Each structure stands twice: as structure tokens, then as C-alpha cells.
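1. fold the following.
(chains A and B, ligands or ions: 2)
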Number of protein chains: 2
Amino acid sequence: MTRQLHLNAFLMNTGHHEASWRLPESDPHAHVRLEHYVGLARTAERGTFDSLFLADGPQLWNSVGQRPSGALEPLTLLTALATATRHIGLIATASTSYNSPYNLARKFASLDIISGGRAGWNIVTTAGADAARNFGLAAEPAHAERYARAAEFLDVALKLWDSWEDDVVVADKAAGVWGDAAKIHPPRHRGTYFSVEGALNVPRTPQGYPLLVQAGSSEDGKRFAARYAEAVFTAQQTLQDAQAFYADLKSRTAAAGRDPDGLKVLPGIVPVVGSTEAEARAAERVLEEHIVHRHGVAHLEGLLRLPPDTLELDAPLPSDLPPESAIEGAKSRYTLVVELARRERLTVRQLIGRLGGGRGHLTFAGTPEQVADAIETWFTRGAADGFNIMPAVLPSGLDAFVDHVVPVLRARGLLRTEYGPRQTLRERYGLPRPANQYTAGAPALV
Amino acid sequence: MTRQLHLNAFLMNTGHHEASWRLPESDPHAHVRLEHYVGLARTAERGTFDSLFLADGPQLWNSVGQRPSGALEPLTLLTALATATRHIGLIATASTSYNSPYNLARKFASLDIISGGRAGWNIVTTAGADAARNFGLAAEPAHAERYARAAEFLDVALKLWDSWEDDVVVADKAAGVWGDAAKIHPPRHRGTYFSVEGALNVPRTPQGYPLLVQAGSSEDGKRFAARYAEAVFTAQQTLQDAQAFYADLKSRTAAAGRDPDGLKVLPGIVPVVGSTEAEARAAERVLEEHIVHRHGVAHLEGLLRLPPDTLELDAPLPSDLPPESAIEGAKSRYTLVVELARRERLTVRQLIGRLGGGRGHLTFAGTPEQVADAIETWFTRGAADGFNIMPAVLPSGLDAFVDHVVPVLRARGLLRTEYGPRQTLRERYGLPRPANQYTAGAPALV
Ligand SMILES: Cc1cc2nc3c(=O)[nH]c(=O)nc-3n(C[C@H](O)[C@H](O)[C@H](O)COP(=O)(O)O)c2cc1C
Ligand SMILES: Cc1cc2nc3c(=O)[nH]c(=O)nc-3n(C[C@H](O)[C@H](O)[C@H](O)COP(=O)(O)O)c2cc1C
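-> Ligands and ions are numbered 1, 2, ... in the order given. Down below sits the predicted model:
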């Protein structure tokens, strides 16, 4: 069989385009309707996607005036979706900066058990002061410190998930012995950020632990990914940039002593499908016309860490923006946006138009064949192991992708035509079940 | 209609009796089987119970050698059960000592939305050093401090749940205005234990916030309940004690400026049903014979905060036990156990037998009519507004209660025969939807 594409459906209320909610077809209450998400999950499963994904942050995003704000907590929503689906993976975002390892490890273990091994964790460090101020901090912790805490968080979580060997349960009813306490391994962790003494109160799960996903592309982010991540989401604007990122991450993974195939790189794309190219472009334009530029300017000023009212709509970005090293927020997203504006000589208005669809992710607009061509090119030319599919409008954009692009990908032998027997999410991504670090004879975790 | 009983099904893997897992009928893996809990939830719904309840603590309980240990995280499991049920309330235990208000308020709001207003929160402060050591603390915080933190936690959570007025969403697609930002109220809380600046990132929920349930019976516990709780779980060994507790809590609630009917008192009972009284007693005896006394002694020593190997199986409790005021753990449970042993002059062995079934809760063993008689007596004589039903063995004990006791209660007009139209959990408990503290004209929260 030829190498298979991995597809992840990145779900976001009425779609990734910030103006999507204004279309006549869109339900402005979709973000809190379970049925909306159940429908999307079933469509993605019809398209034999590997997984669903929900982004998140522990703060109220955007201005409520501007677009649908607030979201159901991802682990909660994905647990409800676990019971409405059978095969698809369930990837929830959760922050290492604003959770404790014991509670979070427990929740992912619980979802992994309930879903039969379909849980994944998008590990984020959470940029921004708004989140920090919801957890007793006065300001955003420094970027390097957030990643240092993230690494220790992972070490503790991995110990907790391994704190039960797979065969603890003896269930000897006659002797009154339920389990073998010698196979329980309390972490007894004392570190810089965390002290965690006892074993997890959930047994080891079908996958051992959730699929570990990461989405930071700064230097620290890539170092973290090379060490821990099994899948990486990334925003890339050109084939060349994507190829460079892909090669860099694979070689870092190898340098960390891991199989580079054990880390899948999934750039995000916004597919806009039409029966003709012109129709697809027209759909893009309709969305762009619904953008409220005043809001876009404020959002861009936030991302670039500029004071309010700095940017002018019909001028280019200021030429004296600071280097990425001075940014304590989302470093790689900052660089991507600045480079995109400079490379294409965009005004602020044009840049906002470009970002409206995918907030930095690439839009592939065209016929189903054209979209499939772009996917195939990136996939076969060393830029991607699969894609994070980010429909501009939901549910219609996911329907269009599954009904029109998926059949083309299947006909080309790039995508499975059915799931076959039940598998864990990690098995779908072609990865082995991790050995338990405490089990005699198991290889040590790298 | 006569006053109606409120019934809550307290679910616990193979049952509340510590030896239940050893019976031939019991599945020693039930604690991690979703199907097990789905079956129990459907049975409780068939019995038109008000709610399901899951206890919890962020630490590995008991010895793994002894009985099924570990559990799925309650909010996660109840979210999965929300999709498998339609009417029944879903009460999850979560600790105010080992969570942050923003994350926990968000999760309960998400479950309340997903379940259509069926979420409840059993608010606990979590006794014991094992939990503390999983969250960076060297020892258990003092009892009074745990309750002080709990009160501030509730104040913050109530602000977060009210941080969206009910009618934020405008959804004016033409004007590009999604919501009215003036109806968002960031808590801007700066307190002793927490600083939480921003609004919740979930809209106000069907119930406003989850039903607030509490289960501490110490002086601090009762003061907390009178201020915040809408339902109280309690362990009471005699009708007289239960009546005194009931009267005390109702008058405290009135003294706090609340309607005493706004707080429902639900003692826990372990129903053991047989077609004759002798059969019920025999079933009790079989369970008692399966207790491993060595484990019971260790458990009792932990509860009484005695050093290991202090207690002798065939002697009474030591006469020089400290007063409740010296106990920083679960105060009221300590007193209940000590008083039970003294009142009934029990040896340690006998006490362990008595506690095996309900860990301090009362067992009602007998025919369906006898169990219904006991329930009716407590209900009509000022000891209870309903009961926390804690079957010794699951699923069989819940089946027996629903198939045999529920019809008797219905025939006596004490329990609904069907749910009728969908209601929120709070409506089932006969309580009004709380007003939003920030909405003009709303009565202030007490
Ligand atoms: C597809 C994708 C999804 C992301 N989802 C989230 C998210 O849900 N929450 C979050 O805080 N950050 C999210 N991020 C941001 C990254 O975690 C990271 O903070 C950002 O890319 C900047 O990382 P860096 O500072 O390492 O460059 C996402 C990034 C990408 C590419
Ligand atoms: C029915 C019932 C259920 C309880 N469930 C829990 C629980 O899940 N987790 C927990 O930490 N404590 C639980 N408790 C204990 C109480 O929250 C409280 O800690 C205990 O009753 C002692 O409280 P006090 O110190 O105020 O007397 C429960 C108590 C009762 C009566």
C-alpha cells in the first residue's frame, strides 16, 4: 500500500473564517450545541479522518461583539463525542501552564478508557496575559519558562500514566486479592514546578497514554516537539517553508534518538471547494467582504504586541517591528504573519483579509481536483505527513471536503476507503503502543 | 400531590460494600467499564431517580491489594452518561482544595450545557495527606483552612457562572455584531486564595450553574452548607440523630436568610432487599463473611488517625481517643464511627462488619415493604427530604431496589411514576433557577 495521508478535522464553531458566523447558513449558537459537533464528528468519520481536534485556552477569546466567543471545554465535549462515534480519534487542547499534572493526566486517562483508546492531547503552553490573570498571575510567564514547565509537566504525566503496570489486576476472589500492589509505581516526583507523590487513580489505558500532539514552532517549541510529540500541527504559508520545517523537525527527532517516522507533521489548510475555480474564489471573496476590519486591526495589534491604534488599514506593517526573540507570546505565529506581509507586500487591510480564513494557515481554494493536487504535492514532496483540515465555514465546508475531495484522494490511493477493525488513535497514526517505563525489560523512555 | 421523595443513586464500581467485588456475580473490572455505568444509569432512570452521583478524590484510595481501586474521573464519566440518558441529574464530586475555580467552573458549565441542565457538583474539601502530596503540598491543609478556601472558591465560581448574562447573544449578522459586551461581567476577584480577573469562556448555562451539593457534617461543614448548598448528603445512624441533623441544618439555612426548603437533606442508606427478611439478612451475612479483617483494621486506623497496629480485632476501641476538634481529616465521620462503636458496645471486628456495607451509612435490610417503611418513616418524621441510595452490590442491588422497592414507594404516592417533560436537575429538586447576580433588578445572592 502506498503511504497514507493522515487527516485531522480541526473543528471550530461556525468555521475558521472569522466572518463565517455572518453567512445566512450559519447558526450563531453552534458553539454550544452538542448536535452541531455530533454532526461534524459523524461527517469526519464518514470521511475516514484519523481524528477530530479542538483548540482551547482558559480565557475568553476575542471580543464578544465581534464573533462567537466562548466554547465548551474540549475534554468534556470530546467525551460526549466519544459516545457518538466509533473510530475517530479525539484530540483535546489543554495547557501545561494552567493545569496540574495529576488532574490533567487523570482526565486524559479517563477519556482514553471511555473512548477505547482514541484520546489525544494537543499540548500547549498558552500565550497571553488574559489567561495568566485567570490563575492568580499578574502577567504572562516568559516563553522559555512556559516551555520549561511544559517539559516537567510531561515528565510527571508520563510517570503518572505508567504508574500502573498493565497487569495490576489479579482479581482473585477466593483469596480476596484484587490487585498486585508491587505493580503500582508512585512517581515520587520532586521538581522545579511540581511535586507529585502518589500513583494515578486510574489504571493504565488502552493507548498507555493519549497521543501527544504539539503545535508550537518556535525554537523552544521545536525542541519540545522533537522530544515528546507524536504529531505536530503547524501553520505554513509556502511549500518551501513547509519542506524546511518538515526536514528540520524530522532531523531534530532523529537527533533526539527517536524514529523520525514516530512524529507526524500536519500543516493546517483551509480548503475552499467549488465546482469551478471561479466559484471557489467567489466563496472566498464573500467571506472576505464580511470581515469587520476594525476588529481585525485590534486582533492583529494584539498578535504583534502593538499598542491599540498603531496600525493603519491601508498602510503596510511598520518597518521597525521587534525581532521574534523579543516576543514572549506566540513566537512562530508572530514571525509567520510578519513575513507573509513583507513577502507579499500586503497592506494591513490585505493582511487581515489573508488571515481571516485561517489565522495564518494556508487556504487551498479551487475544484476538488485542485485541492487534492495541492494536498498530494505537499504530501509527496516532503512537506507533510497529512493535514489539519480547517474548513472556513462549518458544517458546509467539512461536508464539501468529505463529499468532493475525499473521493479524489481515495481514488488516488492516498486515503483509506474504510476504517476496518477498531484501532486506537495511535495505531491509526501508525505508531506503536508505548512500553511502560517501570515494567522490567521495557526500553527506557527517551 | 403529596410531598415527593428525592432519590439519588450513589454509584460505586461493584457496590458500596467493600467485599462486593468478591461475589461470583461481580465484575472486578467494572470500575473502568463504561457499559457498567451506562447500565446503572439506565436502571436509575427506569426508577425515576432525581440524580446519579459519583464520589471522588484526587489520590489512589485504599490498598490495591484489597479491592477495586481507581476510578474514571467523575465529570468525564458523567459526560459520557449524559449522552446515554435523558432525564436524570448528574452529580460529580470535585475538590475545592485541588482545583482552580476557572477550570472547574468551566467544566461544570460545559457539562450543564451538554446535558441540557442536568449537572450537579458535590463540593468537597478533600481530607488526607495523600491528596495533598499529589499537588505539591507536604501535608493536609488544616480543616478550617480547607473550608475557608472552599467558601472563596464558591464565591469566585458563582461570579464566573454569572459572568455572562443570559441574553448576551445578539447575533446581528447584517451589522456584524455577535454579542453585547456590556452584558459580560469579569469577576475581577482578588482574594486570599484566588485572583481571577476575566469572564468565563462559556455562556450562562441552562441551570445558571450546577446544583450545589455538599456532604460535610462538621461545624464548618454545616455552616458552609447553610450558606451555599441546595442538597446535602449525610451519614446518619439513627432516626433520632437524623432528625436532629435535619432540624439543625434547616434552621441554619433559615438563619442564613434562605428558604429552608431550598436545601434538601439526603441521608445515605444501604438497602439490602430480600423476598423475606431472613433472605435479606442472609445476603448481608454473606457480604460480611467476605470482609478481610486485616484490611478493615488498617482502614479504621486511618479514619481514626491512629498509628498502624494500634487496634485489636476482638477488643473495643481504645477509651482515650481524641475529641473531634483534634481531628483535621473528616471530622463528622470520625465522630459517627466512634459514637456507633460506643453506643452499641462493638468490638473492632463488629464495627468493621457494620462499616463494611456503607462506611458509616445505615443499612436497611428487609423485604421491599420493610425497606419502604423505613424510608417513609424517615421521610415523614422530619429526618430526610429523600435518600442517597447506596446499593451494597452493583448492579444487582440497584436492580432490586428499582424493581421491588420503587413500585411500593410509587403505590404509596411518595415517588413520581414517570418523569414527564424534560426538566433541569434543579427543577426536579423543586428549586428555582438562580437569578444572575449582575443582572439589573435581580435579587442579590445571599
Ligand atoms: C494548528 C494549531 C493549533 C493551535 N491550537 C492552540 C490552542 O488550542 N491553544 C493555544 O494556546 N495555542 C494553540 N496553538 C498555538 C501553539 O500552541 C503555539 O503557542 C504557537 O504556535 C506559538 O508557539 P511558539 O511560541 O512555540 O511559536 C496552535 C497552533 C497551531 C499551529
Ligand atoms: C454521601 C457522602 C459522600 C461523600 N463523598 C465524598 C467524596 O466523594 N469525596 C470526598 O473527599 N469526601 C466525600 N465525603 C466526605 C465529606 O465531603 C466530608 O469530607 C466528610 O463528611 C467530613 O466532613 P466534615 O469534616 O465537614 O465532617 C462524602 C460524605 C458523604 C456523607
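2. nearest spatial neighbour of A:V402, skipping sequence neighbours?
-> A:G47 (3.6 Å; CB to CB, 6 or more residues apart in numbering or on different chains). (Each C-beta comes from the backbone N, C-alpha and C, glycine too.)
3. ok, now which ones touch A:L300?
-> A:L300 is in contact with A:L311, A:V337, A:V348, A:L351, A:I352, A:L355, counting by CB atoms under 8 Å, 6 or more residues apart in numbering or on different chains.
4. out of the residues you listed, who's near ligand 1?
-> Residues of the contacts of A:L300 in contact with ligand 1 (CB under 6 Å from any ligand atom): none.
5. from what I see, A:R416 and A:T48 are in contact.
-> Yes. At 5.0 Å, A:R416 counts as touching A:T48 under the criterion of CB atoms under 8 Å.
6. which residue of these two possesses the greater neighbour count?
-> Shown here are A:R416 and A:T48; by other CB atoms under 10 Å in any protein chain shown, A:T48 has more neighbours (20 against 17).
7. got the residues of the stretch 301-446 of chain A near ligand 1?
-> Counting by CB under 6 Å from any ligand atom, the residues of the stretch 301-446 of chain A lying close to ligand 1 are A:A330, A:K331, A:S332, A:R333, A:N388.
8. remind me which residues of the stretch 251-400 of chain A are low pLDDT?
-> A:357-359 (pLDDT under 70).
9. can you give me the strands for it?
-> Along the stretch 251-400 of chain A, the segments classed as strands by DSSP state E, counting those that start in this stretch run A:264-273, A:362-366, A:386-389.
10. among those strands, which is the most enclosed?
-> Compared across the strands of the stretch 251-400 of chain A, strand A:386-389 shows the largest average neighbour count, a mean of 26 (mean count of other CB atoms under 10 Å in any protein chain shown).
11. report the contact partners of the residue nearest to A:V402.
-> A:L7, A:A9, A:L398, A:F401, A:V402, A:V406.
12. okay, and the first one sits in which element?
-> It refers to A:L7. For A:L7, the host element (DSSP states H and E) is strand A:6-11.
13. what lines up beside that strand in the sheet?
-> Using DSSP bridges, the strands paired with strand A:6-11 in its sheet are strand A:51-54 (parallel), strand A:386-389 (parallel).
14. same question for stretch A:95-109, mean pLDDT?
-> If you average the pLDDT over stretch A:95-109, you get 98.
15. how far away is A:Q236 from B:P28?
-> Distance of A:Q236 to B:P28, computed by CB to CB, to the nearest Å: 50 Å.
16. who has more neighbours out of those two?
-> More crowded of A:Q236 and B:P28, by other CB under 10 Å: A:Q236, with 24 against 18.
17. which non-adjacent residue is nearest that one?
-> A:A242 (3.8 Å).
18. in chain A, which residue sits nearest ligand 2?
-> Proximity of chain A to ligand 2 (CB to the nearest ligand atom) peaks at A:N201, 11.9 Å away.
19. surely A:N388 touches A:L11?
-> No. A:N388 lies out of contact with A:L11 (CB under 8 Å); the separation is 10.9 Å.
20. find residues that contact each of those two.
-> Counting by CB under 8 Å, 6+ apart, the shared contacts of A:N388 and A:L11 are A:F53.
21. re earlier: quick check: what element follows the strand holding A:L7 along the chain?
-> For strand A:6-11, the succeeding helix or strand toward the C-terminus, using DSSP H and E, is helix A:34-46.
22. for that next one, packing partners?
-> Here helix A:34-46 touches strand A:6-11, strand A:51-54, helix A:74-82, helix A:396-400, going by 3 or more CB pairs under 8 Å, 6 or more residues apart in numbering or on different chains; DSSP states H and E.
23. residues in contact with the last one?
-> To tie it back to what came earlier, the one meant is helix A:396-400. Under the contact criterion CB under 8 Å, 6+ apart, helix A:396-400 has outside partners A:A9, A:G15, A:E25, A:L40, A:T43, A:A44, A:G47, A:P271, A:V272, A:V273, A:I389, A:P391.
24. ok, 10 Å please
-> Contacting residues not belonging to helix A:396-400 are listed as A:9-11, A:14-17, A:20, A:23, A:25-26, A:39-41, A:43-44, A:46-47, A:49, A:270-275, A:280, A:283, A:368, A:371, A:389-391, A:393, A:406 [CB atoms under 10 Å, 6 or more residues apart in numbering or on different chains].
25. just the buried residues from these, in ChimeraX please.
-> Of the contacts of helix A:396-400, the buried ones go into a single ChimeraX selection, burial set by 16 or more other CB atoms under 10 Å in any protein chain shown:
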select /A:9,10,11,14,15,16,17,20,23,26,39,40,41,43,44,47,49,270,271,272,273,274,280,283,368,371,389,390,391,393,406
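26. I'd guessed A:R294 sits against B:G176; true?
-> Yes. The pair A:R294 / B:G176 is scored as a contact, 9.4 Å apart, by CB atoms under 10 Å.
27. now do the shared contacts for those two.
-> Common neighbours of A:R294 and B:G176, counting by CB under 10 Å, 6+ apart, are A:G65, A:Q66.
28. who's more crowded, the two?
-> A side-by-side neighbour count of A:R294 and B:G176, using other CB under 10 Å, places B:G176 first with 17 against 13.
29. what pLDDT does that one get?
-> 94.
30. repeat that for A:A442.
-> A:A442 is assigned a pLDDT of 56 by the prediction.
31. contact residues of the stretch 101-250 of chain A facing ligand 1?
-> So the stretch 101-250 of chain A meets ligand 1 at A:V124, A:T126, A:A127, A:A215, A:G216, A:S217, A:S218, A:D220, A:G221, A:F233, A:T234, A:A235 (CB under 6 Å from any ligand atom).
32. in space, what's closest to the fourth one - neighbours in sequence excluded?
-> It refers to A:A215. In this structure, A:A215 finds its nearest non-sequential neighbour in A:F233, 4.1 Å apart by CB to CB, 6+ apart.
33. name the SS class of the one you found, please.
-> Of the three states, A:F233 takes strand under DSSP: H, G, I helix; E, B strand; the rest coil.
34. so A:F379 touches A:G413, yeah?
-> No. Assessed by CB under 10 Å, A:F379 is found out of contact with A:G413, at 11.7 Å.
35. who's more crowded, those two?
-> Taking neighbours as other CB under 10 Å, A:F379 and A:G413 compare with A:F379 leading, 19 against 13.
36. and the helices in the stretch 151-300 of chain A?
-> Applying DSSP state H, counting those that start in this stretch to the stretch 151-300 of chain A gives helices spanning A:219-228, A:239-255, A:277-289, A:293-303.
37. among those helices, which is the most enclosed?
-> Most buried among the helices of the stretch 151-300 of chain A, counting by mean count of other CB under 10 Å: helix A:219-228, with a mean of 21.
38. return the list of helices and strands in contact with it.
-> If you count contacts as 3 or more CB pairs under 10 Å, 6 or more residues apart in numbering or on different chains; DSSP states H and E, helix A:219-228 packs onto strand A:119-124, helix A:143-161, strand A:211-214, strand A:231-234, helix A:239-255, helix A:331-343.
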